[in-house]
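Undergrad: Got a predicted model here, sequence first, then my questions.
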Amino acid sequence: MTKHTGARASASHWPGIRAVAGLFALNGALYGMWASRIPAFKDAMALNHATLGALLLLLAAGAILAFPIAGRLTDKHGAAPMSRLLGLGNALCLMAIALSPNLACLAIALFLFGATHGAMDVAMNAWAAESDRASGKTIMPAFHAVWSFGAGVGAMSGVAAIAFSLSPLPHFLIAGTAVAALTLWIANIPWQSETRPHHEGPLFPLPKGPLLLVGLLCFCSTLGEGAMADWSAIYLRDVTLASESFAAAGFAVFSCTMVVVRLSGAFLTKLFGPVIATRLSGVAALIGVTLIVGFATPHMTMVGLAFLGLGYGLVVPLAFSRAANDPDLPQAAAIARVATLSYGGILLGPPIIGFVAALSSLRVSFALLGLLAIATIWMAGVLRAPR
């Protein structure tokens, strides 16, 4: 069998593309399964907004602590083996969430789920960058589209589980095992990942210079993305008074529009360039927030979630492509530094929304996302290619 390398284009790059896509789908699906059942955990353990926010903060802390460690391990051992190992670990941690008998065990399981999810994110994005270079194509937005597709499938599995009155444990066990087995089998290909020598420096470095601005731009977008993942179902159920199954479908609608815009990412980027494409993304996100907060009805909120999916879809893949091609850092290290802020936003968004909602209301907390959409429009210029 042909051994693929990230260093140069091979005769057939499709096995590598399929492998990376499978891992993105797995990562998204596991998160979508968790997000779709948050109301069930909230009810089962009688959690208020502040307590749920604190639990989600632990999930965020696990991911943020894992980002730089994953960057070093990926540069040392290679993106492909690390991605596969962390994919298995992330699936096992999802099962641990469902098996948690009390609040303390749930907190530990969520921390570990966040850590493996975040570490896998760094490793699979590094493999995606290798696949980009091996194929000579701009595939990164499509990989992130597959993540959103996986998240939507995971969320819809929650809708199906609710329809069949399944608790989170059988839901996660059946759906999680099936997705993990399929995608890890697809990802099990020969691939000689790029490795780099260890670079001395702080274990938890923040990005500096242009990469800091890229990370902050991502933070504005991904904080909203994380908020939609963990709070859209609760907002639909508690604020708009939608049914539980309708509420669980909200994240799926959001994810599906992200799939559409990310599959169109290469075309949109070529047509508008990364800067204009990002500014248009900010406008779409601002429209979405306005519909959700201004009307707060079930169907108008669904439309707003669709606009938010359009708004958040392109920013992260464009920023990760910019980071992976940074002239001053190895790709995994650069991705890890931007990920500290970007995917930190995904994971910090839910607890921030929870704490603000506890002080005021969910509607007020969602309104804050409009300010971040405006910041995205303003900061789009940082995605210009380095000279």
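TA: The structure has been received and is ready for your questions. Numbers count the residues shown, from 1 in each chain.
Undergrad: alpha carbons only for contacts and neighbour counts from here, please
TA: OK.
Undergrad: Could I get the buried residue list for whichever strand or helix holds Phe111?
TA: Using DSSP states H and E, Phe111 maps to helix 103-135. Within helix 103-135, the residues scored as buried using 16 or more other CA atoms under 10 Å are 106-135.
Undergrad: mean confidence score for that helix?
TA: Across helix 103-135, the average pLDDT comes to 90.
Undergrad: now for it, which elements pack on it?
TA: Identification of packing neighbours for helix 103-135 by 3 or more CA pairs under 8 Å, 6 or more residues apart in numbering; DSSP states H and E yields helix 14-36, helix 49-77, helix 79-99, helix 140-163, helix 315-324, helix 331-359.
Undergrad: quick one: it to helix 331-359, angle?
TA: With axes from the mean of the first three to the mean of the last three CA atoms, to 10 degrees as the basis, helix 103-135 and helix 331-359 are set at 140 degrees to each other.
Undergrad: What angle do helix 315-324 and helix 103-135 make with each other?
TA: Using the same axes, to 10 degrees: helix 103-135 against helix 315-324 is 60 degrees.
Undergrad: Now do helix 103-135: distance to the chain's middle.
TA: Put simply, helix 103-135 sits 9 Å off its chain's centre (CA atoms, centre = their mean, to the nearest Å).
Undergrad: how far off helix 140-163 does that helix point, in degrees?
TA: Interaxial angle of helix 103-135 relative to helix 140-163 (the same axes, to 10 degrees): 150 degrees.
Undergrad: What are the contacting residues of stretch 279-296?
TA: The contact list for stretch 279-296 (CA atoms under 8 Å, 6 or more residues apart in numbering) reads 239-240, 300-315, 363-364, 366-367, 369-370, 373-378, 380.
Undergrad: Please apply the same query to stretch 77-95.
TA: The contact list for stretch 77-95, computed with CA under 8 Å, 6+ apart, reads 23, 26-27, 30, 34, 73-74, 109-110, 112-113, 116-117, 119-120, 123-124, 126-127, 169, 172-173, 176-177, 180, 184, 187-188, 191-195.
Undergrad: Can I get it in CSV? Just the C-alpha atoms.
TA: Taking C-alpha atoms only, stretch 77-95 is exported to CSV below (Å, rounded to 0.1, in the frame of the first residue of the first chain):
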residue,chain,number,x,y,z
HIS,A,77,5.1,12.1,17.4
GLY,A,78,3.2,13.2,14.3
ALA,A,79,-0.4,14.4,13.7
ALA,A,80,-1.8,11.1,12.3
PRO,A,81,-1.1,8.7,15.3
MET,A,82,-2.0,11.4,17.8
SER,A,83,-5.3,12.2,16.0
ARG,A,84,-6.3,8.5,16.0
LEU,A,85,-5.3,7.9,19.7
LEU,A,86,-7.1,11.1,20.9
GLY,A,87,-10.2,10.2,18.8
LEU,A,88,-10.6,6.9,20.8
GLY,A,89,-10.0,8.8,24.1
ASN,A,90,-12.6,11.4,23.3
ALA,A,91,-15.2,8.7,22.6
LEU,A,92,-14.5,6.9,25.8
CYS,A,93,-14.8,10.2,27.8
LEU,A,94,-18.3,10.7,26.3
MET,A,95,-19.3,7.4,27.7
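Undergrad: from the middle of its chain, how far away would that stretch be?
TA: How far stretch 77-95 lies from its chain's middle: 15 Å, per CA atoms, centre = their mean.
Undergrad: now swap in stretch 319-327 and tell me
TA: 18 Å.
Undergrad: Name the residues of it that come out as buried.
TA: Neighbour-count burial for stretch 319-327 flags Ala319, Phe320, Ser321, Arg322, Ala323, Ala324, Asn325, Asp326 (criterion: 16+ other CA under 10 Å).
Undergrad: and the nearest residue to the second one once chain neighbours are set aside, what does it touch?
TA: Spelled out, that is Phe320. Distances taken as CA to CA, 6 or more residues apart in numbering put Ile335 closest to Phe320, at 6.3 Å, once the chain neighbours are dropped. Each residue near Ile335 by CA under 8 Å, 6+ apart is listed here: Gly71, Val122, Asn125, Ala126, Phe320, Ala323, Ala324.
Undergrad: got any ranges where the protein has weak pLDDT?
TA: Residues of the chain meeting the criterion pLDDT under 70: 1-12, 135-136, 138, 193-206, 327, 330-332, 343-344, 347, 386-387.
Undergrad: if we go to 50?
TA: 1-11 (pLDDT under 50).
Undergrad: Quick check: the residue nearest to Phe320 vs Asn102, distance?
TA: Ile335 sits 36 Å away from Asn102, going by CA to CA, to the nearest Å.
Undergrad: what do you get for Pro298?
TA: From Pro298 across to Asn102, the span is 32 Å (CA to CA).
Undergrad: quick one: which of those two has more around it?
TA: Using other CA atoms under 10 Å as the criterion, Pro298 and Asn102 rank with Pro298 on top: 21 against 10.
Undergrad: helix/strand/coil for Pro207?
TA: Assigned state for Pro207: coil (three-state reduction, DSSP: H, G, I helix; E, B strand; the rest coil).
Undergrad: circling back to that earlier point, can you list the buried residues of stretch 319-327 in JSON lines and add distance to Thr257?
TA: Below are those laid out as JSON lines (distance: CA to CA, whole Å):
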{"residue": "Ala319", "distance to Thr257": "19"}
{"residue": "Phe320", "distance to Thr257": "20"}
{"residue": "Ser321", "distance to Thr257": "21"}
{"residue": "Arg322", "distance to Thr257": "23"}
{"residue": "Ala323", "distance to Thr257": "25"}
{"residue": "Ala324", "distance to Thr257": "25"}
{"residue": "Asn325", "distance to Thr257": "27"}
{"residue": "Asp326", "distance to Thr257": "29"}
